[in-house]
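Q: Prediction below, plus the sequence it came from.
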Amino acid sequence: MTGGRAVRSIRIAVIGAAGRTGRCLIAAAATRGHEISALARHPDSIAGLPAVVNLVAGDGRDPAAVAQVIRGADAVVSAITGSNHRGTTQLTDVTRTVLAAMTATGVDRLIVTSAYPVIAHQPRLPMAVLHRVFRHAYTDAARMEELVAASRVAWTIARLNRLTNGPAIGSIITTPELIARPRAISRADVAETLVNLITDPSAERLALNISGT
């Protein structure tokens, strides 16, 4: 699922650019020569962006800001970090806004990041603890996944296991199946995987579980 690097420069719209995963994604895409349009609530927190990045200040729930970022893009990647507050709908709200803007602007390719524990129950004890501690965030993520899966765009859901800030080492599992022994994975490796998935037709309309090995 991670094969097939882009053979041409494309324009990628990144939602959640100021987050740690979003910043790694921008770096990975820029290294490959892609053009990036990025949305961040706090753009002043991102320093030293490559020249290929057009940074827009705004909230992912603002239809005008989202439409401005994704207009003319070949693909949208939403890498926002959700909240764990009771009753949160942050992921769902942003995703609904993104899908509406994609319909309005004619952009068809979407990748959203989610969390592997949303659907995983093994190893039993660690997952049970995660489900209890992050139940509000995972409920929102599950609803976001349902919203994406019901849409008409060419979507991919990337469910990420525990993230680290280490370097990319290229040791990655990407599969629609449950992972027996999920491992931590660096945001740098996740970023490379997400860029690969953008141009991988076999990944369309799939929820993929991503882990280190």
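A: Perfect, I can see it now.

Q: Could I get the buried residue list for stretch 21-40?
A: 21-30, 34-40 (16 or more other CB atoms under 10 Å). Placement of C-beta: from N, CA and C, glycine included.

Q: out of those, which are inside strands?
A: Counted as lying in strands by DSSP state E, out of these, are 35-40.

Q: what are the ranges of the strands in this structure?
A: 11-15, 35-40, 53-57, 75-78, 109-115, 154-160, 163-164, 172-175, 185-186, 206-212.

Q: could I get the ones you listed as JSON lines with distance to residue 141 and mean pLDDT?
A: Shown next, in JSON lines, are the strands of the chain (distance: least, CB to CB, whole Å; pLDDT from 0 to 100):
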{"stretch": "strand 11-15", "distance to residue 141": "15", "mean pLDDT": "98"}
{"stretch": "strand 35-40", "distance to residue 141": "19", "mean pLDDT": "97"}
{"stretch": "strand 53-57", "distance to residue 141": "25", "mean pLDDT": "95"}
{"stretch": "strand 75-78", "distance to residue 141": "12", "mean pLDDT": "99"}
{"stretch": "strand 109-115", "distance to residue 141": "5", "mean pLDDT": "99"}
{"stretch": "strand 154-160", "distance to residue 141": "9", "mean pLDDT": "99"}
{"stretch": "strand 163-164", "distance to residue 141": "14", "mean pLDDT": "98"}
{"stretch": "strand 172-175", "distance to residue 141": "18", "mean pLDDT": "97"}
{"stretch": "strand 185-186", "distance to residue 141": "17", "mean pLDDT": "98"}
{"stretch": "strand 206-212", "distance to residue 141": "11", "mean pLDDT": "98"}
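
Q: Just put the ones you listed in JSON lines and tack on distance to residue 127.
A: Putting the strands of the chain into JSON lines (distance: least, CB to CB, whole Å) gives the following:
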{"stretch": "strand 11-15", "distance to residue 127": "28"}
{"stretch": "strand 35-40", "distance to residue 127": "32"}
{"stretch": "strand 53-57", "distance to residue 127": "37"}
{"stretch": "strand 75-78", "distance to residue 127": "24"}
{"stretch": "strand 109-115", "distance to residue 127": "11"}
{"stretch": "strand 154-160", "distance to residue 127": "13"}
{"stretch": "strand 163-164", "distance to residue 127": "16"}
{"stretch": "strand 172-175", "distance to residue 127": "17"}
{"stretch": "strand 185-186", "distance to residue 127": "16"}
{"stretch": "strand 206-212", "distance to residue 127": "13"}
